[in-house]
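K.L.:
Build me a model from this:
(one chain, ligands or ions: 1)
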Amino acid sequence: MMALPFDQREGVIWFDGEFVDWKDAKVHVLTHGLHYGSCVFEGQRAYGGVVFKQREHHERLRTSAEILGFELPYSAAELDAACEELLRRMNFVDAYVRPVAWRGSEMMGVSAQNNTIHVAIAAWEWPSYFSPEERAKGIRLDIAEYRRPDPRTAPSKSKAAGLYMICTISKHAAERKGYADALMWDYEGYVAEATGANVFFVEGGKIHTPLADRFLDGITRRTVIDLAKRRGLEVIERRIKPEELAGFSECFLTGTAAEVTPVSEIGPYTFKPAEITLGLMTDYFAEVQPKRAAAE
Ligand SMILES: Cc1ncc(COP(=O)(O)O)c(C=O)c1O
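P.N.:
Residues are numbered from 1 along each chain as shown. The predicted structure is shown next:
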């Protein structure tokens, strides 16, 4: 059965500083963000009613907008407060939270210097990005035809909506072939990331992951690198050639939505979720739980 479409759900959405009924949180068809991609967003997860690394997400949202040349009319602290109130009003404990900011409608051309900047935050219950059965076995990834763009050809450090155009095309192509997702190379042909998550490999007890200087350096990626180091594991950030995939024993994805998800196949290469991947899944799950203030 189809889930209820996202524009027909019940509840409230924070929209330009106010809470509006979910079904009334609309934009006009002549909106710059829709036509010209002047739109940035975040994906956050609340665990036990608390968004993990909320401030970092809101700072990244502001930075993503600055990279596209616009300033959010709300501080990170104001966005934190809006998000907390939204979760309270929606009565959500474990939820996905989606802030989004875009240029409005005053000008409808490539230039839109004075358009109003709009910001909205919605939240919904969303247990796992990949199905739990698929996740335990390890998911299967296709290899995308599109590559992550050269930072000289796109604002690759911004979580900008436009950068997801090639992700959707690649993920759809992968799904048509029965894969869960697709891995993308970078513009020079090195391993980059999946369509909405970063990638890690294991060989000989060491972790290898692509240098995040040409795609999103995920908040989960950085968290998992810290967790691995806390376990005494060496983490090597470097350029990885596709043919090196043959020599890795484990592989996993990281992302706010994906959390730590084991991978069993990437095109012709196979991996087996084992000690390091499963250990980091457990560590990440513990890390995201809300920290209670020490008992007095
Ligand atoms: C393209 C892409 N890469 C990486 C990530 C992982 O980022 P994070 O761990 O901050 O969610 C995401 C998810 O936001 C993404 O969309």
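
K.L.:
Which positions in the helix-or-strand element of the chain with minimal mean pLDDT come out as buried?
P.N.:
The helix or strand of the chain with the lowest confidence, counting by mean pLDDT, DSSP states H and E, is helix 132-137 at a mean of 74. For helix 132-137, the neighbour count (16 or more other CB atoms under 10 Å) marks residue 135 as buried. All C-beta atoms are positioned from the backbone trio N, CA, C, and that covers glycine.

K.L.:
now swap in stretch 73-81 and tell me
P.N.:
For stretch 73-81, burial by neighbour count (16+ other CB under 10 Å) applies to 74, 76, 79-80.

K.L.:
can I get the CA coordinates of it in PDB?
P.N.:
Written as PDB, here are the backbone C-alpha positions of stretch 73-81 (Å, rounded to 0.1, in the frame of the first residue of the first chain):
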ATOM      1  CA  PRO A  73      17.000  35.100   8.300                       C
ATOM      2  CA  TYR A  74      17.300  32.800  11.300                       C
ATOM      3  CA  SER A  75      20.300  32.000  13.500                       C
ATOM      4  CA  ALA A  76      21.200  28.400  14.200                       C
ATOM      5  CA  ALA A  77      19.900  28.900  17.800                       C
ATOM      6  CA  GLU A  78      16.500  30.100  16.400                       C
ATOM      7  CA  LEU A  79      16.400  27.000  14.100                       C
ATOM      8  CA  ASP A  80      17.300  24.800  17.100                       C
ATOM      9  CA  ALA A  81      14.400  26.200  19.100                       C
END
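
K.L.:
Format the buried residues of stretch 73-81 as JSON lines; extra columns: pLDDT and distance to the ligand.
P.N.:
Output for the buried residues of stretch 73-81, formatted as JSON lines (pLDDT from 0 to 100; distance: CB to the nearest ligand atom, whole Å):
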{"residue": "74", "pLDDT": "98", "distance to the ligand": "20"}
{"residue": "76", "pLDDT": "98", "distance to the ligand": "15"}
{"residue": "79", "pLDDT": "98", "distance to the ligand": "16"}
{"residue": "80", "pLDDT": "98", "distance to the ligand": "16"}
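
K.L.:
Out of the residues you listed, which sit inside helices?
P.N.:
Secondary structure assignment by DSSP state H places 76, 79-80 of these in helices.

K.L.:
thinking again about what came up before, report the two of the buried residues of stretch 73-81 separated the most.
P.N.:
Based on CB to CB, the longest span within the buried residues of stretch 73-81 runs between 74 and 80 and measures 9.7 Å.

K.L.:
In contact with the residue in the stretch 1-150 of the chain that the ligand sits nearest to, which residues are there?
P.N.:
The nearest approach of the stretch 1-150 of the chain to the ligand comes at residue 43, 4.8 Å away (CB to the nearest ligand atom). By CB atoms under 8 Å, 6 or more residues apart in numbering, the contact set of residue 43 is 57, 96-98, 196, 255-257.

K.L.:
among those residues, which are in reach of the ligand?
P.N.:
Filtering the contacts of residue 43 for neighbours of the ligand using CB under 6 Å from any ligand atom leaves 196, 255-256.

K.L.:
Looking at those, spot the one nearest residue 27.
P.N.:
Of all those, residue 196 has the smallest distance to residue 27: 22.9 Å, by CB to CB.
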